[in-house]
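>>> based on what follows, work out the 3D shape:
(one chain, ligands or ions: 1)
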Amino acid sequence: MIEEDLSYLSLSNVPGPFDPRGVISVATMMGLNELEDLEDEMDLRERWKVYTKAKDSAEDKVKSRRLENASWRLWSMERVRGGDLNKDLSEGVMLRALGESESREASSVDVNSKVNDNGNNLESLNLDMSHVPRGKERPPSPLLIPGQRIVSKETKKTVSPKGSPKKRGSAGNYDIVHVDDPTEVTNWQKLDPDVIGKNTQLLEFADQGTGDYRSPSFQVRYEDGSTLSPVYYFRHRILKGKSSMPEFFPNIYLTNLSEATTLVLELHDFVTGLVVELHYTVMHDYNAICRHVVFINNGDSSVSLQRVMSSTVDFDTDEYFLTQLSGSWARERQVVQTRLLDGITAFQRFVYAISILVRYEVDDCHSGRGASSHQHNPFAIISSGTPNEEHGAAFGFSLLYSGNFQLEAEISETGRLRVNLGINPQGFAWNLEPGESFCSPECVLVFSDEGIGGISRELHRLFCEHLIPQRWRNFVPPVLINTWEAVYFNISHEVVIELASKAKELGIELIVLDDGWFGHRNDTTSSLGDWYPNLQKLPYGLAGLSKEIHSMGLQFGLWFEPEMVSRDSELYSLHPDWCLHIPARGKTVGRNQLVLDFSRSVVRDYIFSQLSNILSSCPIEYIKWDMNRHLTEVFSQDWPASRQGEIAHRYVLGVYELLGRITNAFPHIIFETCSGGGGRFDAGMLYFAPQIWASDNTDAVSRIYIQYGTTLAYPICCIGSHVSTVPNHQTLRSTSMKTRSLVAMCGTFGYELDPRQLSEDEKGEIAAYIQLYKRLAHLIRKGNLYRLWNPFLSSSAAWMFVNNDASQALVFAFNIRREVGRLLPRLLLRGLCYETVYEVEELCPGKLVRNIDTGAIMLDPRGVYQYGENKKLLLSGRTLCCAGLPVKFLFDADSVLFELKAVTSALSLSSF
Ligand code: GLA
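Residues are numbered from 1 along each chain as shown. The predicted structure follows:
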């Protein structure tokens, strides 16, 4: 690792006339140059450099791109700061931090307290590197002049002329030494922090009201009505592994401490005692950093947190684009790309359904949908320059959270970009009593110099290996059939058994009994909350049904909507106060149902016992956990007035708790979450369940868009996708069995149709596609995804899966609405080894062909191939990637699937 003086980066901090000065910024306080000289610590420090600065990258361009970004260059601050740290910590500055007139004693910070590792169960290296000088340990107070620097007495290491590495001793044991070579005093030092206000700096975490006019990372309100809370670096610690989060908080988990290193920066408001911990976990084998924030009230009066961002990232000036996933019910996660202009571009779930993308000054909308929503997804990519699938620097942000969130991208007047991601502040207020703490959701930041595709592959790998429950990491789910689109509410024991036996003949392995099996539910008006079987429909109960299904050699799955209650239900008549509502006001229904108050443990405990009774009553291998409306009247009977701003967040934590308890209690059951289709498709849910139903829209063409967009953030293996009947129930569109099957294969693969209605031909096709899926599933689920044709930018879509050593690949391509007579571009493949020869075989040929003389459509029993029957191409990876495959589509919604197998190295090509 080359030691570099990165102080030049600060030269872009140009003061402006309206930039308030005089209070030092958080960033300038966050120097890391007081590390102990511990052997292990040095090892960790080296790792931080590697994983934050130069991983996988020999190119300076990439390096500097990463360094430009504050989060990604934390470790480099050690150098940026240089000797300036000592200046920042001089007495004058400290007094300013204390508010000039206050004495040091007024600070409620216990300056002698040692940091513990936040109760985490990971090995702490016990690096108490507090270097905020205090008491006798305070270094000399006068500001240093160029040529002077404070170094440790212990190490007595002075600065070498060329600025070679300087180890520092323990805090508070300082000498001023003369720097031999004045050129070593960097430009940074000439830029007095007093001259540069916060507003023009790249910050890690920004307060409001003390000079930074951009959107802040957090906001508080104290009992005296004041809202200022500048926080300053106090100390930091470095942990092997990861700091633990509260139980049932979704987070990137480790299987081994050596997989990550965590930096915890502790910031203090020296006046009020508010402590902010910024947690950064660098995943060693990924270009990823996990961030979360913990607020601790060490003061003696309560403080209300009004805004908590899990992550703030300030970028230096560039031309930036935002990629987001937005949509609606049945049209989820469409790719939306916007060039960022001055001001704030934000997306979030408002209570108002129409807020797609807004630029706003200040908005006082309140509340939210309570779920991550169909409308927006807690995920975004920032690209510098026009977004590109394969090239260029891209920064991915994913919030592991299923409730109200907000992502803001603000271009300030200097042209710099700030990205904030966290809980939606609208309607949020968390009361922090003395001694209490608050942990934000975790946010994952991913960097790629391979454009948007690189971000996706990195997130897929991370989510598959460190987010989805470990027990589901390598499984291939059984091919299932769901009763919903087959018979909707018209279920009965006989019907389910009929569907099951027909499904079994096709090779289907599991049948899911969807809505309508419980209470007296025949439509959406009743019975949610009454989780016992309707014995009129199921006279042998669930146990009888499950037994018969299992005796047929099938597995059994069940639908639940645990968070809801119907007004026409026993649960509601017993506990009308158990739903979210404000007494004396109306209760807004959605799909005829109300939302249970999951902020209350009594409610969660009741539902837990209902679910666990059912799940223990007979063999059940799969649960679909639905949530079919969003929150309104977010108010709880159980909590005091001062805590009503917490309810939306407590609701989500309650859902997590119940999901965690039930999945722990029944670890063998596959859970698929769902919310009116894909209305809660987020990384928070994946922490508990390995798959999520992507959309209520099962039309193959619509699904191409939905699934393509979903893959920007989420791995194929978690995307719930089924083959449904034609004409499709949502669009009335008819597509071939081939196209429906190929689209559904790029997901969990199942069926959502009535197998009693199938023709013999269709049955044969389905049986063949199930066999094919079984053979290809591993590569589809575990392969690296390369998106080739973007349906949002063209009239066709294509993507491919490549295994890790690039010896096998699958290429899927779909026509959407190409005009007749218009040719397609050649399909350029990706991810292959240039020097390898691949055998390219087309699988599952088409059936229909056009007579070119008459134009008549004819059935071709031999199959319609791209390059002729039984014709396999032998082509090098270079040719496949650079010249590509010509693809012909004859009809709308036509599709093609190629299988590639490495045959030999390109040198031997001539021998074929
Ligand atoms: C939601 C789901 C559907 C189905 C229905 C049942 O809409 O997305 O798949 O389960 O609920 O009511």
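>>> please read off the pLDDT at whichever residue of the stretch 501-650 of the chain sits closest to the ligand from the model.
Relative to the ligand, the nearest point of the stretch 501-650 of the chain is Asp515 (3.5 Å; C-beta to the nearest ligand atom). Backbone N, C-alpha and C define where each C-beta goes, glycine included. The score at Asp515 is 98. That number is its pLDDT.
>>> where's it relative to Asp577, distance?
Distance, Asp515 to Asp577, using C-beta to C-beta, to the nearest Å: 26 Å.
>>> distance of the closest residue to Gly209 other than its chain neighbours relative to the ligand?
Nearest residue to Gly209, sequence neighbours excluded (C-beta to C-beta, 6 or more residues apart in numbering): Leu228, at 4.7 Å. Here the criterion is C-beta to the nearest ligand atom, to the nearest Å. By it, Leu228 lies 46 Å from the ligand.
>>> follow-up on the earlier one: these two touch, right, the residue of the stretch 501-650 of the chain closest to the ligand and Trp484?
Yes. If you go by C-beta atoms under 8 Å, Asp515 and Trp484 touch, sitting 6.6 Å apart.
>>> what do those two both touch?
Trp559 (C-beta atoms under 8 Å, 6 or more residues apart in numbering).
>>> which one of Asp515 and Asp577 has more residues nearby?
Counted by other C-beta atoms under 10 Å, Asp515 and Asp577 do not tie: Asp515 has more neighbours, with 21 against 13.
>>> name the element the residue nearest to that one when sequence neighbours are not counted belongs to?
Computed as C-beta to C-beta, 6+ apart, the closest residue to Asp515 that is not its neighbour in sequence is Trp559, at 5.4 Å. If you go by DSSP states H and E, Trp559 is part of strand 555-560.
>>> partner strands of that strand, with direction?
Sheet partners assigned to strand 555-560 using DSSP bridges are listed as strand 510-513 (parallel), strand 622-625 (parallel).
>>> nearest residue to the middle of this structure?
Ser398 (2.8 Å; C-alpha atoms, centre = their mean).
>>> who are the contact partners of that one?
With C-beta under 8 Å, 6+ apart, Ser398 has these contacts: 378-379, 443-444, 446, 459, 683, 713.
>>> which residues are in contact with the residue lying closest to Lys502 once chain neighbours are set aside?
Of all residues not flanking Lys502 in the chain, Pro755 sits nearest, at 3.7 Å (C-beta to C-beta, 6+ apart). By C-beta under 8 Å, 6+ apart, the contact set of Pro755 is 481, 486, 499, 502-503, 505-506, 508, 763, 766.
>>> how much space between Pro755 and Val903?
Plainly put, Pro755 is 39 Å away from Val903 if you go by C-beta to C-beta.
>>> same deal with Cys746?
Relative to Val903, and taking C-beta to C-beta, Cys746 is found at 25 Å.
>>> now swap in Glu259 and tell me
With C-beta to C-beta as the criterion, Glu259 and Val903 are 36 Å apart.
>>> in terms of packing, which of these two has more residues around it?
Taking neighbours as other C-beta under 10 Å, Glu259 and Val903 compare with Glu259 leading, 20 against 16.
>>> ok, that one touching Ile252?
No. When contacts are counted by C-beta under 8 Å, Glu259 is not listed as touching Ile252 (9.6 Å).
>>> what do these two both touch?
Common neighbours of Glu259 and Ile252 (C-beta under 8 Å, 6+ apart) are 283, 466.
>>> how far off centre is the strand ranked longest in the chain?
When the chain is scanned for its longest strand (criterion: DSSP state E), the result is strand 303-315. Relative to its chain's centre, strand 303-315 lies at 17 Å (C-alpha atoms, centre = their mean, to the nearest Å).
>>> that strand: partners in the sheet, and parallel or antiparallel?
Short version: by DSSP bridges, strand 303-315 pairs with strand 218-222 (antiparallel), strand 417-423 (antiparallel), strand 430-432 (antiparallel).
>>> near the ligand, which residues of the stretch 201-350 of the chain?
With the criterion set to C-beta under 6 Å from any ligand atom, the stretch 201-350 of the chain never comes near the ligand.
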